[in-house]
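> sequence plus the predicted model coming up.
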Amino acid sequence: MNKQSIAANLRQIADLLEISGENHYKVTAYRNAAAALLQSSFRLEDIISRSVSVPGIGPDSLNLIRWCMEGGLKSAMAHLKISVPATAHQLLWVPGIGPKTAMVLIHNHHVDSLAALQAALSSNRLLHKPGFSAAKIHRMKRDVAVLLERMHSYPIAQVWPAALELQRSLEALSGVDQVGVTGDARRLVPMCKRLEMVVSVHDRTPFQTWCEANHATPKDDGYEWNIGPSDNPLTVRVYVADPPDFAQRQMETTGDQIHDEVIKGLLRQAGYSWTKAGICDMRGRRISPATEEEIYALVGLPFFPPELRSDRGLLQNPATLVQADDIQGDLHVHSNWSDGSMSIPELVERAETLGYAYIAITDHSQSLSIANGLTPERVLAQRAELKRVQSAASVKLLHGIEVDILADGSLDLPDDILADLDIVIASVHGAMYQSKSQMTNRLVRAIRNPYVDVIGHPTGRIIGRRAGYEVDIEKVVAEAALHGVALELNANPNRLDISEDILRRATQAGVAIAIDTDTHHPNEFANMAYGIRMAHRGWLTKGDVLNTLSHTGLMKRLKGQ
DNA sequence: GCCGTTTTCGGCCCGACTGTTTTCAGTCG
């Protein structure tokens, strides 16, 4: 078992304990342990053997990890005497269902999984039972349909890190030449059907031994096995290639299918054939392009980044796409003044290490009290702190805020406070289940505020968990264009908000995009890489992206000059 | 359960919204 699978088990155990009515802090402790395990760079073996200690993983969590390693989830559940069914944690995925409602469903209605809930909802047998109004049932039906997608696919935020970890393990094996991620994850598909890798080997024995040790099932073209929780496993598929075939094997497994067919069609027109046996020239001789670049070159095309490979991918010139080097700074970062974990000097240090020209400190505003949001007084106090830190920093600091868009579309801080800030990001954090027209009017009202520069995570989606609020995005885009307000591409892999379709619509309408990490913890600055890849899916060029501007250019733009 | 101590026990993010049990428990961010 790898870190991801164990962390998933830990989270599931925490959910089951919470449903069982266990102490809230104990539940939180196991969730923290799962997060600490994922964030730790130490090897699993070293953590278990206690040769290193990880903050957040105490003796009990360590035992739990051992039980999971030895006997899986069942064993851990037995040790902790958990009596609710293992699948019951799925109920907590549904917005509006917490531990108490989950327990009522299990005990009073014999509903102990997402599938059982869907069946109960469609049979209408929950209707008018205490706590289940007609409106609530209607909403749950919609949400459960979204969530059931998770039963056969996995969010990219889990698949990509798991893929990189697997890549490192495979690269360490002798006899292995090249290892690469492929399939959905390589194209940054938000919900991946499985985790796919390509491996080229010059000596198959060590790799085969490793696969057998991991209980992998042999397939025609490689191996397959499952990781993650047993009731919702992630399938891992590894394709094995001879070293000269690595590039073509990775290209044909990356997809998407339509892009592949287009390329194969162009190859045929150019006199080549691409069958199971590989690419052959017009005389039927095998050719083995060493890179994907060489395959595209056979048909006179430049290299297409995987994220661009879709039914419409060839319409965009990849040379114009925004690149990581174009990014001059991060415009959405939280400090420990609200719910970030880093102090402002620590954020500055990170930004300087990353070589950024500027960074905007954008903490939450007062109504988000759980996040210790800033009151007007604390905004002023923070300005003084920024001034002090700026005097010793080379990176330019922007004083910003992520101000809440309240239920009626007004903002959570008075205009005179917003007026003096360098950048104002306005975001929705509460009252997300408004009607489409209410939510649209709410966002439009926020965009019309003269001090708003960016709309943060504009649809509120959480990939695989929440569809996002219902909103007339065309109207929002049109209004943003009219008022020169940028839309955020939130690079957090759980959000990737806005989607590629909305990105294209926005840029066509002339709306600027801010690619932001929304960083709360040190390792989240790295999420910019997801942002860039998502930008490729949305065909963003350097000119479309607000934070490719120089500091001078950005300040001019923000001041409306 | 974990952490951090003034070291073995106290503290741990808290207020708004929602549906409805119409007075507040449950959920959420």
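Okay, I see it.
> SS state for A:Asp363?
strand (DSSP: H, G, I helix; E, B strand; the rest coil).
> and the residue lying closest to it once chain neighbours are set aside, how far from A:Leu368?
Spatial nearest neighbour of A:Asp363, chain neighbours left out: A:Ser338 (3.7 Å); criterion: C-beta to C-beta, 6 or more residues apart in numbering. Every C-beta, even on glycine, is put in place using the N, C-alpha and C of the backbone. In this structure, A:Ser338 and A:Leu368 are 7 Å apart, going by C-beta to C-beta, to the nearest Å.
> stretch A:193-202 - what's its average pLDDT?
Rounded to a whole number, the mean pLDDT of stretch A:193-202 is 96.
> can you give me how far that stretch is from the chain middle?
Put simply, stretch A:193-202 sits 22 Å off its chain's centre (C-alpha atoms, centre = their mean, to the nearest Å).
> and A:Ile384, how many residues sit next to it?
Small correction: residue A:384 is Ala, not Ile. For A:Ala384, the count of nearby residues is 9 (other C-beta atoms under 10 Å).
> could you check the pLDDT of it?
Value for A:Ala384, per-residue pLDDT: 94.
> tell me the residues on the stretch 51-200 of chain A that lie near DNA strand B, please.
Residues of the stretch 51-200 of chain A lying close to DNA strand B (C-beta under 7 Å from any atom of the strand) are A:55-62, A:92, A:94-102, A:130-133, A:135-136, A:139.
> go again using 6 Å as the cut-off
Listed as neighbours of DNA strand B in the stretch 51-200 of chain A under the rule C-beta under 6 Å from any atom of the strand: A:55-61, A:95-101, A:130-133, A:135-136.
> of the residues you listed, select the buried ones using a PyMOL command.
In PyMOL, a selection of the buried entries from these looks like this (16 or more other C-beta atoms under 10 Å):
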select buried, chain A and resi 56+57+61+95+97+99+101+132
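> take the residues of the stretch 51-200 of chain A next to DNA strand B and keep only those in strands.
Among those, DSSP state E puts none in strands.
> mind listing what A:Leu114 touches?
Contact analysis of A:Leu114 by C-beta atoms under 8 Å, 6 or more residues apart in numbering lists A:Thr87, A:Gln90, A:Leu91, A:Trp93, A:Val94, A:Val144, A:Leu147, A:Leu148, A:Met151.
> ok, so of those, who is nearest DNA strand B?
Nearest to DNA strand B among the contacts of A:Leu114: A:Val94, at 6.7 Å, using C-beta to the nearest atom of the strand.
> ok, that closest one - contacts?
A:Val94 makes contacts with A:Leu114, A:Leu117, A:Met140, A:Asp143, A:Val144, A:Leu147, as judged by C-beta under 8 Å, 6+ apart.
> just A:Leu164 next, same as before
A:Val181.
> what mean pLDDT does the helix or strand hosting it have?
Assessed by DSSP states H and E, A:Leu164 sits inside helix A:156-171. Across helix A:156-171, the average pLDDT comes to 94.
> one more: stretch A:282-289?
If you average the pLDDT over stretch A:282-289, you get 90.
> contacts for that stretch, please.
Contacts to stretch A:282-289, defined as C-beta under 8 Å, 6+ apart, come from residues A:244-245, A:247-248, A:271-273, A:277-281, A:295, A:298.
> so is the residue in the stretch 201-350 of chain A positioned nearest to DNA strand B in a helix, a strand, or just coil?
Residue nearest to DNA strand B within the stretch 201-350 of chain A: A:Asp339 (5.7 Å; C-beta to the nearest atom of the strand). The three-state assignment at A:Asp339 reads coil, by three-state DSSP.
> list the contacts of it.
A:Asp363, A:His364, A:Leu368, A:Ile370, A:Ala371, A:Asn372, A:His520.
> what about DNA strand B: which of those residues touch it?
Taking C-beta under 6 Å from any atom of the strand as the test, DNA strand B is in contact with A:Ile370, A:Ala371, A:Asn372 out of the contacts of A:Asp339.
> out of these, who's the most crowded?
Among those, A:Ala371 has the most neighbours (other C-beta under 10 Å), with 19 neighbours.
> and whichever residue of the stretch 301-450 of chain A sits closest to DNA strand B, what does it touch?
The nearest approach of the stretch 301-450 of chain A to DNA strand B comes at A:Ile370, 3.2 Å away (C-beta to the nearest atom of the strand). Neighbour list for A:Ile370: A:Asp339 [criterion: C-beta under 8 Å, 6+ apart].
> show me the strands in the stretch 401-550 of chain A, by range?
A:423-427, A:454-455, A:486-490, A:513-516 (DSSP state E, counting those that start in this stretch).
> the residue nearest to the spatial centre of chain A - nearest residue in space that isn't next to it in sequence?
Centrality entry for chain A: nearest residue to the mean C-alpha point is A:Pro493, 1.5 Å, by C-alpha atoms, centre = their mean. Of all residues not flanking A:Pro493 in the chain, A:Ala157 sits nearest, at 3.7 Å (C-beta to C-beta, 6+ apart).
> that neighbour: neighbour count?
Neighbours around A:Ala157, by other C-beta under 10 Å: 18.
> where's it relative to A:Pro55, distance?
According to C-beta to C-beta, A:Ala157 and A:Pro55 sit 23 Å apart.
> same question for A:Met555.
39 Å.
> now do A:Ala135
For A:Ala135, the distance to A:Pro55 - C-beta to C-beta - is 44 Å.
> again, but for A:Gln382
27 Å.
> for the residue nearest to A:Arg448 when sequence neighbours are not counted, the count of nearby residues, please.
Using C-beta to C-beta, 6+ apart and skipping the chain neighbours, the partner closest in space to A:Arg448 is A:His483 (6.2 Å). Using other C-beta under 10 Å, the number of residues around A:His483 comes to 14.
> got the residues of chain A near DNA strand B?
A:23, A:25-26, A:29, A:33, A:55-61, A:95-101, A:130-133, A:135-136, A:339, A:369-372, A:407, A:429-431, A:433.
> which stretches of the stretch 401-550 of chain A form helices?
Along the stretch 401-550 of chain A, the segments classed as helices by DSSP state H, counting those that start in this stretch run A:415-419, A:436-448, A:473-483, A:500-508, A:528-537.
> now the longest one: mean pLDDT?
Per-residue pLDDT values over helix A:436-448 give a mean of 89.
> and stretch A:521-528, what's buried?
By neighbour count on 16+ other C-beta under 10 Å, the buried set for stretch A:521-528 is A:Glu524, A:Phe525, A:Asn527, A:Met528.
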